[in-house]
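Peer 1: Sequence below, structure please.
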Amino acid sequence: MDKINDIIMQKLSEIEEKENVHILHCAESGSRAWGFASPDSDYDVRFIYVRPAEFYLKLENTSDVIEWQLDDTLDINGWDIQKALRLLYKSNPTLFEWKNSPIIYKTTDKWIGMNDTINEYFNIKSAVYHYLNTAKNNYKPIMHTENVKLKKYFYILRPILACKWVLDKKTPPPVLFSQLVEAELEEKMLPQVNALLEAKAVTSEMGTSKRIEPLNDYIDKQMEDIQMRLDSLEQTPNSGWDKLNDLFISVIKKSF
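Peer 2: As a prediction, this is how the structure comes out:
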């Protein structure tokens with residue numbers, strides 16, 4: 001792990017130098033952050049960056065993402081702070097996942113100082129809608145198949161448990177699957193999920209298993225229940241643009 005950390009930190013330095021950006025925060029996203037990586041899982045490295053202030057004054061359209069590397073080991077890309085804050089206005093759950101990842105490669109005082117404002121923009125209904133749709137989109141292709149990729153079950157179960165967490169606790173869900181399991185999974189399902197975790201830990205990313213009927217039944221029921229709870233939720237207004245505008249101006253003033 002130390003070796004890959006060194007490589008990632010070297011890549012981040014290259015990005016800052018060649019792109020003329022300052023990386024505010026960088027974290028692991030995906031199965032390694034969730035806690036159910038396969039032996040051959042890649043590293044999903046995600047970061048938020050800021051450019052010099054004059055960049056944001058250009059008339060022409062400018063890119064707000066950096067896609068740095070994609071291969072069998074590393075998947076590295078990042079969002080401009082402007083893009084991140086615009087998505088935060090809509091309570092985009094991805095930003096909360098990056099912020100709360102248990103694997104942080106780099107962070108800064110500027111980013112830490114943004115945490116309270118970021119938390120203010122968390123929206124319960126938006127989060128549940130996002131995670132439920134994620135579960136549904138991953139479930140559709142395997143609903144009636146006999147052989148299922150092991151990782152697909154986790155890509156369904158985790159967002160289902162995240163929905164339950166958000167509905168129960170009204171806060172962003174933890175990133176680690178184990179925390180969601182401990183808080184939200186019914187005890188009778190633990191043997192099935194633990195067996196799945198053990199199999200996933202020694203199986204390649206493409207590894208499959210026979211359809212697991214108890215899990216499918218559980219998924220069907222939970223998605224139906226979550227949908228009913230979602231439909232009964234009222235949409236609460238967000239906190240407006242003022243705080244985000246102030247935050248953006250503050251960040252670009254102090255970054256270089």
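
Peer 1: And stretch 193-202, what's buried?
Peer 2: 193, 196, 197, 200 (16 or more other Cβ atoms under 10 Å). (Glycine included, C-beta is placed from N, CA and C.)

Peer 1: and if you look at stretch 62-80?
Peer 2: Buried residues in stretch 62-80, counted by 16+ other Cβ under 10 Å: 66, 68, 74, 75, 76, 77, 78, 79, 80.

Peer 1: bridging residues for the fourth one?
Peer 2: Right, the one you point to is residue 75. Per DSSP bridges, the residues bridged to residue 75 are residue 44, residue 70.

Peer 1: Please tell me how far it sits from residue 43.
Peer 2: 7 Å (Cβ to Cβ, to the nearest Å).

Peer 1: now the fifth one
Peer 2: The span separating residue 76 from residue 43 equals 8 Å under the rule Cβ to Cβ.

Peer 1: which neighbours do these two share?
Peer 2: The contact sets of residue 76 and residue 43 overlap at residue 8 (Cβ atoms under 8 Å, 6 or more residues apart in numbering).

Peer 1: nearest residue to residue 209 other than its sequence neighbours?
Peer 2: Nearest residue to residue 209, sequence neighbours excluded (Cβ to Cβ, 6 or more residues apart in numbering): residue 150, at 5.5 Å.

Peer 1: what element comes up after the helix or strand hosting residue 15 heading to the C-terminus?
Peer 2: Here residue 15, judged by DSSP states H and E, is contained in helix 2-19. Helices and strands here follow DSSP H and E; after helix 2-19, the next one along the chain is strand 22-29.

Peer 1: Alpha carbons of that next one, in PDB - could you do that?
Peer 2: Provided in PDB are the C-alpha atoms of strand 22-29 (Å, rounded to 0.1, in the frame of the first residue of the first chain):
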ATOM      1  CA  HIS A  22      -3.700  23.500  -6.600                       C
ATOM      2  CA  ILE A  23      -5.300  20.200  -5.300                       C
ATOM      3  CA  LEU A  24      -7.600  21.000  -2.300                       C
ATOM      4  CA  HIS A  25      -8.600  17.400  -1.500                       C
ATOM      5  CA  CYS A  26      -7.900  13.900  -2.900                       C
ATOM      6  CA  ALA A  27      -9.500  10.700  -1.800                       C
ATOM      7  CA  GLU A  28     -10.200   7.100  -2.800                       C
ATOM      8  CA  SER A  29     -13.600   6.400  -4.300                       C
END
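
Peer 1: No further queries at this time; thank you.
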